[in-house]
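Chemist: sequence below, structure please.
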Amino acid sequence: MKRATGVSTSFDYLNRETFIEYNKAGVTAFELSIQLKHHDIIDLGEITSWAKAEGVDTWSFHLPFYPFEVINPASLDNSVRKNTVEKLSALIKKAASHGFKHAVVHPSGEPISDEERPAAMECAKESLFLLAEAAKESGIILAAEDLPRTCLGNCSRELAELISVHPDLRVCFDVNHLLFEPHSEFLKALGSKIATVHISDYDFINERHWLPLEGKIDWVELMKGLDDIGYNGVFMYEVPRTAANITREVPLTPADYVNNHNKLIEIKRSI
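Modeler: Residues are numbered from 1 along each chain as shown. The predicted structure is shown next:
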């Protein structure tokens with residue numbers, strides 16, 4: 001199955017030239033992923049008009065998740081949690097009004113101790129329900145992302161519990177966040193709930209956001225797994241053009257993402 005190639009786009013690349021480059025390279029969808037402080041200074045209408053002019057789909061809107069003391073759906077502090085729901089609900093409405101199809105949310109910040117985890121889960125579920133209601137009102141799909149380390153939603157069992165609070169909640173499958181179970185088990189458990197994905201590679205020790213084939217993921221197995229669950233959404237790369245934890249001679253270009261996607265498809269077909 002050939003899926004559209006998408007790129008998660010940061011604040012540094014929000015300009016008209018980026019979308020012209022996407023069009024030339026064959027990137028046909030993007031995710032807006034910027035920090036909370038940048039949402040007050042961008043013109044979302046202008047950005048989406050650039051995308052539309054170049055035939056780039058407004059696929060997903062990554063809701064801000066940092067700083068944790070300000071944005072945290074699982075915070076045990078009621079005032080932080082209330083502020084989080086208010087800010088993210090407003091952004092969900094704004095994203096939907098500009099044509100984004102999915103809003104991606106992190107269920108928590110970190111670290112979370114074993115002692116605090118049950119209470120944090122209940123707080124997160126309360127927040128996710130309210131955010132899912134806001135998404136339902138706005139006509140956009142809210143997808144909770146699997147997260148690494150001590151974050152909530154670090155395995156399929158926990159993420160399934162989190163999204164169970166609302167029938168419209170879906171999953172954003174970040175394939176480089178699984179540290180406690182194989183991709184095949186995650187897909188088996190939550191495949192029918194996956195609405196969008198974040199694509200990158202890693203070393204199974206921590207998230208790395210490397211380009212596929214730079215880490216340890218079995219991409220033939222993973223791509224066949226996505227086929228098996230019938231995922232026909234965007235193959236959304238969440239790999240920064242420059243990265244601190246891997247050496248690149250030059251920054252990645254939009255064409256690098258498309259070429260990498262094509263290489264993965266070619267490898268899968270050859271086996």
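
Chemist: residue 246 contacts residue 208, doesn't it?
Modeler: Yes - using C-beta atoms under 8 Å, residue 246 and residue 208 qualify as a contacting pair, with a distance of 7.2 Å. The way it works is simple: take the backbone N, C-alpha and C, and place the C-beta from them, glycine included.

Chemist: the two: which is more packed in?
Modeler: When residue 246 and residue 208 are compared for neighbours, residue 208 comes out ahead with 19 against 15, by other C-beta atoms under 10 Å.

Chemist: pretty sure the more buried one contacts residue 202?
Modeler: Yes - here residue 208 lies in contact with residue 202, judged by C-beta under 8 Å, at a distance of 4.0 Å.

Chemist: identify the contacts common to those two.
Modeler: Common neighbours of residue 208 and residue 202 (criterion: C-beta atoms under 8 Å, 6 or more residues apart in numbering): 176, 215.

Chemist: name the residues of stretch 143-163 that are buried.
Modeler: Neighbour-count burial for stretch 143-163, with 16 or more other C-beta atoms under 10 Å as criterion, is recorded at 143-148, 150-156, 158-159, 162-163.

Chemist: find the nearest non-adjacent residue to residue 89, please.
Modeler: For residue 89, ignoring the flanking residues on the chain, the nearest one in space by C-beta to C-beta, 6 or more residues apart in numbering is residue 134 at 3.9 Å.

Chemist: what's around that neighbour, how many residues?
Modeler: Each residue near residue 134 was counted by other C-beta under 10 Å, and the total is 21.

Chemist: now stretch 215-232: buried residues?
Modeler: For stretch 215-232, a neighbour-count test (16+ other C-beta under 10 Å) marks 215, 217, 219, 222, 223, 225, 226, 231 as buried.

Chemist: got it, and stretch 123-130?
Modeler: Of the residues in stretch 123-130, those buried under the neighbour-count criterion (16+ other C-beta under 10 Å) are 123, 124, 125, 127, 128, 130.

Chemist: and if you look at stretch 229-248?
Modeler: The neighbour-count criterion (16+ other C-beta under 10 Å) identifies 231, 233, 234, 235, 236, 237, 238, 239, 240, 241, 243 as the buried residues of stretch 229-248.

Chemist: how about stretch 100-115?
Modeler: Buried-residue list, stretch 100-115, by 16+ other C-beta under 10 Å: 100, 101, 102, 103, 104, 105, 106, 107, 108, 109, 110, 112.

Chemist: looking at those, which is nearest residue 196?
Modeler: Nearest to residue 196 out of these is residue 102 (C-beta to C-beta; 5.0 Å).

Chemist: apart from its neighbours in sequence, what residue is nearest that closest one?
Modeler: Nearest residue to residue 102, sequence neighbours excluded (C-beta to C-beta, 6+ apart): residue 60, at 4.2 Å.

Chemist: show me the beta-bridge partners of that neighbour.
Modeler: Here residue 60 sits in beta bridges with residue 31, residue 102, as judged by DSSP bridges.

Chemist: name the nearest residue to residue 93, ignoring sequence neighbours.
Modeler: Excluding the flanking residues, the one nearest residue 93 by C-beta to C-beta, 6+ apart is residue 138, at 4.9 Å.

Chemist: thought the one you found was touching residue 96?
Modeler: Yes - using C-beta under 8 Å, residue 138 and residue 96 qualify as a contacting pair, with a distance of 3.7 Å.

Chemist: neighbour count winner among these two?
Modeler: The residue with the greater number of neighbours, taking residue 138 and residue 96 and applying other C-beta under 10 Å, is residue 96; the counts read 20 against 17.

Chemist: residues touching the more buried one, list them.
Modeler: So, once contact is read as C-beta under 8 Å, 6+ apart, residue 96 ends up touching 103, 135, 138, 139, 140.

Chemist: for it, what are phi and psi?
Modeler: Dihedral angles of residue 96 (phi, psi; degrees, to the nearest 10) stand at phi -60, psi -40.

Chemist: with the one 3 residues further on instead?
Modeler: The main-chain torsion angles of residue 99 are listed as degrees, to the nearest 10 and equal phi 90, psi 10.

Chemist: count of neighbours near it?
Modeler: Residue 99 is surrounded by 15 other residues when neighbours are defined as other C-beta under 10 Å.

Chemist: excluding sequence neighbours, find me the nearest residue to it.
Modeler: Beyond its immediate neighbours in the sequence, the residue positioned closest to residue 99 (C-beta to C-beta, 6+ apart) is residue 58, lying 4.6 Å away.
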